[in-house]
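1. Based on what follows, work out the 3D shape:
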Amino acid sequence: MDPITALRRIGFLLERQQAPTYRVRAFRSAALILAGLAPAELRRRTEDGTLTDLKGIGPKTSTVIRQALAGDVPEYLAALEDGLAPLVDGGADLRGALRGDLHAHSEWSDGGSPVEEMAVTALELGHEYLAMTDHSPRLTVANGLSPERLERQLDLVETINGRLAGQGFRLLSGIECDINEDGTLDQSDELLGRVDIVVASVHSKLRSDAGAMTRRMLRAIENPHTDVLGHCTGRLVTGGRGTRPESQFDAERVFAACVEYDVAVEINSRPERLDPPRRLLRQAVAAGCRFSIDTDAHAPGQLDWQAYGCARAQECEVPEERVVNTWPVDDLLAWTRA
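-> Numbers count the residues shown, from 1 in each chain. Predicted coordinates for the structure are as follows:
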């Protein structure tokens with residue numbers, strides 16, 4: 001077994017099961033170190049027991065490397081694979097119909113991995129496309145992308161697509177754009193017109209009164225660049241950041257506007273969000289909304305979290321034909337460009 005493949009797979013499985021970041025980082029860092037080693041040096045260090053002399057490779061990761069080079073499945077990896085189970089009951093048919101994910105982050109903002117690692121993992125999961133939607137500049141706490149940095153990322157997306165050409169996969173450019181307090185979007189019209197996917201989300205003043213929040217969301221939905229309304233209530237139900245109540249807004253007006261302006265309501269699959277709540281998800285279904293089932297992944301292993309969103313979508317009777325990321329990429333892009 002290739003040791004880099006083994007280390008990446010361990011990182012993926014740990015992220016998938018929400019392991020602490022420091023555990024994941026150890027394996028992903030070791031994979032990057034190996035990628036920079038000449039094969040001859042790797043063999044020499046393995047034979048003479050000096051792998052751990054390399055900064056970033058410890059006893060556990062060096063054991064994985066040695067066992068992989070010996071032709072075995074590393075014991076650490078085998079134990080994780082043996083414990084692999086569905087993340088949640090239900091939603092399997094819908095998950096099988098999904099062709100991609102329209103909300104993901106990289107190390108360019110507050111994610112933990114390079115853009116290419118996110119893209120390759122999505123390809124390995126069987127996705128036909130992944131939208132890289134790092135944060136917009138106003139969200140400084142998440143290292144949001146200035147216009148200049150977004151321009152550079154657009155070039156990188158083009159380069160990665162060139163490397164992955166012929167594999168039936170496309171990395172889409174995108175942005176998770178902050179909805180400013182006045183409802184405008186936190187990026188220039190020119191750049192919003194260039195990216196493939198715009199996810200518009202509220203990240204500030206989440207406890208505004210319902211009237212102010214409704215006006216803010218409606219103006220963003222009316223913006224012709226908005227494709228997806230991200231995690232609409234902003235709630236947190238569990239996790240390291242604690243809990244946070246739902247934002248208050250007029251759901252009837254907001255979902256009616258999503259139908260009128262053909263904006264998809266995101267079904268956010270992150271376990272700490274699971275947004276919107278079931279009652280609002282059912283209301284959006286009844287209103288006739290389109291949906292996008294996304295992971296909001298900040299690490300490669302989290303790209304497998306779509307199962308959580310699919311299970312809730314099935315429970316709330318979301319019609320498959322109204323889920324935009326079940327569409328082929330050309331149909332999806334025709335919709336966003338319209």
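2. can I assume Asp134 is in contact with Ser113?
-> No: using Cβ atoms under 8 Å, Asp134 is not in contact with Ser113; the gap is 11.9 Å. All C-beta spots, glycine's among them, are computed from the backbone N, C-alpha and C.
3. Identify the contacts common to those two.
-> Residues touching both Asp134 and Ser113 (Cβ atoms under 8 Å, 6 or more residues apart in numbering): Ser106.
4. Quick check: mean pLDDT of stretch 47-57?
-> For stretch 47-57, mean pLDDT rounds to 95.
5. Ignore what I typed, I meant stretch 61-79.
-> The pLDDT scores in stretch 61-79 average 97.
6. For the closest residue to Arg215 other than its chain neighbours, give me phi and psi.
-> Closest residue to Arg215 apart from its sequence neighbours, by Cβ to Cβ, 6 or more residues apart in numbering: Gly183 at 6.5 Å. For Gly183, the backbone dihedrals (degrees, to the nearest 10) come out as phi 90, psi -10.
7. which ones are touching the closest residue in space to Ala97 that isn't next to it in sequence?
-> Leaving out its chain neighbours, the residue that sits closest to Ala97 by Cβ to Cβ, 6+ apart is Thr326, at 4.6 Å. Under the criterion of Cβ under 8 Å, 6+ apart, the neighbours of Thr326 are 94, 97-99, 320.
8. So the protein: which segments form each domain?
-> 3-82, 92-337 (automatic domain parsing).
9. The first one spans what distance, first to last residue?
-> Domain 3-82 has an end-to-end distance of 19 Å (criterion: Cα to Cα, to the nearest Å).
10. Off-centre distance for it?
-> Remark: domain 3-82 is offset 24 Å from the chain centroid, using Cα atoms, centre = their mean, to the nearest Å.
11. repeat for stretch 237-244
-> 18 Å.
12. Just the buried residues of that stretch, please?
-> By 16 or more other Cβ atoms under 10 Å, the buried positions in stretch 237-244 come out as Arg244.
13. Give me the buried entries from the contacts of Thr326.
-> Applying 16+ other Cβ under 10 Å to the contacts of Thr326 flags 94, 98-99 as buried.
14. Closest to Ala297 out of those?
-> Leu98 (13.5 Å; Cβ to Cβ).
15. Is that closest one in contact with Asp304, as I believe?
-> No: applying Cβ under 8 Å, one finds Leu98 not in contact with Asp304, separated by 11.5 Å.
16. what comes up buried for the lengthiest helix in the chain?
-> Taking DSSP state H as the criterion, the chain has its longest helix at helix 147-163. When burial is assessed from 16+ other Cβ under 10 Å, helix 147-163 yields the following buried residues: 150, 153-154, 156-157, 160.
17. how far out from the middle of the chain is it?
-> Here helix 147-163 is found 17 Å from its chain centre; the criterion is Cα atoms, centre = their mean.
18. before we move on, what about stretch 324-338?
-> Counting by Cα atoms, centre = their mean, stretch 324-338 comes out at 18 Å from the chain centroid.
19. Just the C-alpha atoms of it, please, in CSV.
-> What follows is stretch 324-338 as a C-alpha-only set of coordinates in CSV (Å, rounded to 0.1, in the frame of the first residue of the first chain):
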residue,chain,number,x,y,z
VAL,A,324,-30.1,21.3,-7.7
ASN,A,325,-27.0,19.3,-7.0
THR,A,326,-28.6,16.2,-8.5
TRP,A,327,-28.4,17.9,-11.8
PRO,A,328,-25.5,17.4,-14.4
VAL,A,329,-23.0,20.1,-14.2
ASP,A,330,-24.0,21.8,-17.5
ASP,A,331,-27.6,22.0,-16.3
LEU,A,332,-26.5,23.3,-12.9
LEU,A,333,-24.4,26.1,-14.5
ALA,A,334,-27.1,27.0,-17.0
TRP,A,335,-29.3,27.6,-13.9
THR,A,336,-26.8,29.7,-12.0
ARG,A,337,-26.0,31.8,-15.1
ALA,A,338,-29.6,32.4,-15.7
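20. I'm done for today, thanks for sticking with me.
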